[in-house]
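# Okay, here's the prediction I keep looking at, along with the sequence it came from:
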Amino acid sequence: MRILVFNAGSSSLKFGVFDMDGATIRHRLKATVDRLGRSTAELKLVVDGRESREDVAATGVEAAIAAVPVILQRFDFGAIDAIGHRIAHGGERFAAPAIIDEPVIAAIEALTPLAPLHNPGGLAGIRHARATWPGKPQIAVFDTSFHLKNPPRATTYAVPAAWREAGLRRFGFHGTSHKYVALRAAEALGENLRDLRVISLHLGNGASACAIQLGESIDSSMGMTPLEGLVMGTRSGDVDPGIFGYLQRNLGFDAEAVEKALYEESGLKGLTGTADMRDVEDMAATGDAAAQLAIEIYAYRARKYVGAYAAAMGGLDALVFTGGIGENSAAMRRRICEGLGFLGLMLDTERNGHVDLTDHAVPQIQAYGSRVRVVVTETAEQLMIAREVSALLKAPANGALTVPVAISARHVHLDQDAVDALFGTGYSLSPAGQLRQQGHWVARERLALEGPRGRLDNVAILGPLRARTQIEISRTDGFALGIAPPVRDSGRLDGTPVVRLIGPAGAIDSDGLIIAARHIHTNPQDAARLGLKDGDEVDVRVGQGDRALTLSGTLVRVSPNAFTEMHIDTDEANAAGIEGRADGELLAAEATIKPSAPV
Ligand SMILES: Nc1ncnc2c1ncn2[C@@H]1O[C@H](COP(=O)(O)OP(=O)(O)O)[C@@H](O)[C@H]1O
Ligand SMILES: CC(=O)OP(=O)(O)O
Ligand SMILES: [Mg+2]
């Protein structure tokens, strides 16, 4: 499938051509039209890896979009099968990408007043693509979708009820970028994103910070519009809402003039006369006081958000820099990180000064011993959009029901006696991170398992304590230990084999060793939506391409506050070629209730 992607930003147009073949993606064309609105814009092209630059006459985003079909004609990519569009504002309606039709266009148009610098460019892309490639599927991918499930405490403005009922709330933008760079950073750190508390700083012409916990956005610095938050190229970011009345009464500005100035004449441009950080840094270096102050304000605001989001998540594991400024300005990264030592964040200034992102490198720039890891990565909104387009077009048109799949690595649940024996009488485990299921956590402490054939070190302990110790491993782990545990539902431990648990204060032999039967946790609302009941056994299709497989007899467990998620073990995940996040498709629409299996 060949996908063309349009990404109309506030100051640039980016577009790309991707050849998608299963999981293999070829980025055929990568194009950026920059410096729009000046006498000549610059077109940067990377075609099959070869780079070129040229000046083009494009007065604005719309003119640049109109030139795309002409530019594409120069190359022999072959027919375009589908077109993806970055749309900044999707409001409450779009939690996921949408196939573009008239109602979708009308919804994007209706949201234009909330993203006046962005949605018009997105709509122009849609219009031109429809005219140029009539009949080809077009898909909108929204900046706001990633943040849509942010908790109400983060999305609600403390304003009169009538305003909130009229739709006033925070949304957050750059979601495609935040999601991509957080995944990228986790991958580079060799961790599962779900296990990390991440703050991502997208510092481009528009800029926003995002707090990511358990793999999902929980807060972001942009609000109902892309004006709130950080200092940007031409946008103010946070201001006191009290200034509106002042500007109106004392300076005679109406709402439109104020809004226009906050979008287009503020930020770096308002502070220095230029919106471009490169120019601001050059001016500052030659002694320009306004540029120096602008840089300080920019870094200070960003640093405050890092502190705030670390507090929101109860700590920070990784800070990620991306966007033109985040990727390229070592000086700005250093300023932002200065003073974050209290969080355990220490930058290696040497590494920070030599960041090289060629060949999609994702360097870490924290100092040795820093508790917080600091990562720089390029963003790839167009690539993410191409993936979303391909996933949406491949999804079964019958509205298949899916559940997120989580991989359970080996772990133990301990009872109090076991904790006393392994860690010392009266010891209490310290939670190091929350799990997705409410009230469940992973402990800082680890232990070892030992069997007749071998030993497994560094095994995770999950809390809270249970009435009876249960040890969950994979079949492969069983071979490493030299014990063959049965496949069991959690809690059904009678007659299970004994394994030795080894902690810092002692060792015990405990039964309760099982291979956890795959299962789906869900809550009553999701169960109703998915057509599931407690105790059902369902078939779930997981994995992609030639490793896809069907997991039969997956037990459904409904409880009031459960987070809907399917749990499989590492052997199952490996068999299906799943790494990190995945979705499983429920195959059996009418699940059958299985009588309890004999123990
Ligand atoms: N080497 C650099 N040093 C400092 N700033 C840079 C550098 N390269 C690019 N930038 C800044 O990045 C910003 C543009 O970021 P980018 O992500 O390309 O924008 P957009 O939001 O339009 O996608 C501009 O402020 C530009 O000055
Ligand atoms: C939403 C937003 O600010 O986007 P951009 O950075 O492309 O201006
Ligand atoms: Mg951008």
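Yep, that arrived. Numbering: from 1, shown residues only. Ligands and ions are numbered 1, 2, ... in the order given.
# Which residue does this structure have closest to ligand 3?
Relative to ligand 3, the nearest point of the chain is Gly204 (3.7 Å; CB to the ion). C-betas here are computed from N, CA, C, even on glycine.
# Any idea how many residues pack against the residue nearest to that residue when sequence neighbours are not counted?
Of all residues not flanking Gly204 in the chain, Gly323 sits nearest, at 3.5 Å (CB to CB, 6 or more residues apart in numbering). By other CB atoms under 10 Å, the residues close to Gly323 number 23.
# Repeat that for Ala207.
Ala207 has 31 nearby residues by other CB under 10 Å.
# start the count at 30, not 1, going forward
Yes, from this point I'll number from 30; that puts the last item at Ala236.
# beta partners of it?
Beta-bridge pairing of Ala236, defined through DSSP bridges, involves Leu232.
# What of the one 4 residues further on?
With DSSP bridges applied, the residues forming beta bridges to Ala240 are Ile228, Asp248.
# In this structure it contacts Leu230, no?
No: using CB atoms under 8 Å, Ala240 makes no contact with Leu230, being 10.9 Å away.
# measure the closest residue to ligand 2 within the stretch 280-429 of the chain to Ala70 for me?
For the stretch 280-429 of the chain, the residue closest to ligand 2 is Gly352, as judged by CB to the nearest ligand atom, at 7.2 Å. From Gly352 across to Ala70, the span is 20 Å (CB to CB, to the nearest Å).
# Work out for me the element Ala60 sits within.
strand 53-63 (DSSP states H and E).
# is that strand anywhere near ligand 1?
No: using CB under 6 Å from any ligand atom, no contact is recorded between strand 53-63 and ligand 1, whose separation bottoms out at 7.1 Å.
# Run the chain-centre distance for the following helix or strand past that strand.
Per DSSP H and E, the first helix or strand lying C-terminal to strand 53-63 is strand 70-76. Offset of strand 70-76 from its chain centre (CA atoms, centre = their mean, to the nearest Å): 28 Å.
# Could you pull up the mean pLDDT of strand 70-76?
Mean pLDDT, strand 70-76: 91.
# Can you give the strand pairings for it, parallel or anti for each?
Strand pairing (DSSP bridges) places strand 70-76 next to strand 53-63 (antiparallel), strand 79-85 (antiparallel).
# near ligand 3, anything from the longest one?
Which is strand 53-63. No: judged by CB under 5 Å from the ion, strand 53-63 stays clear of ligand 3, getting no closer than 10.6 Å.
# Run the chain-centre distance for that strand.
With CA atoms, centre = their mean as the basis, strand 53-63 stands 21 Å off its chain's centre.
# Against ligand 1, how distant is the residue of the chain closest to ligand 3?
Separation of Gly233 from ligand 1 (CB to the nearest ligand atom, to the nearest Å) stands at 3 Å.
# How far does stretch 192-200 stretch from one end to the other?
15 Å (CA to CA, to the nearest Å).
# which residues are contacting whichever strand or helix holds Ala214?
Assigned by DSSP H and E, Ala214 falls within helix 204-218. Here helix 204-218 makes contact (CB atoms under 8 Å, 6 or more residues apart in numbering) with 115, 170-176, 221-222, 225, 227, 229, 231, 237, 239, 241, 244, 246, 249, 347, 349, 351-352, 391, 393, 402, 404, 406, 408-410, 412-414, 609-610.
# Apply 6 Å and report the result again.
Residues outside helix 204-218 that contact it (CB atoms under 6 Å, 6 or more residues apart in numbering): 172, 174-176, 222, 225, 227, 229, 231, 239, 241, 347, 349, 351, 391, 402, 404, 406, 408-410, 413.
# And stretch 339-359, by the same measure?
210, 214, 225-233, 240, 242, 248, 306, 361-362, 372, 381-382, 401-408.
# Does that stretch reach ligand 3?
No: Stretch 339-359 stays out of contact with ligand 3 when judged by CB under 5 Å from the ion, the minimum separation being 6.1 Å.
# Which helix or strand contains the closest residue to ligand 1 within the chain?
As assessed by CB to the nearest ligand atom, ligand 1 sits closest to Gly353 within the chain, at 2.2 Å. Per DSSP H and E: Gly353 is located in helix 352-357.
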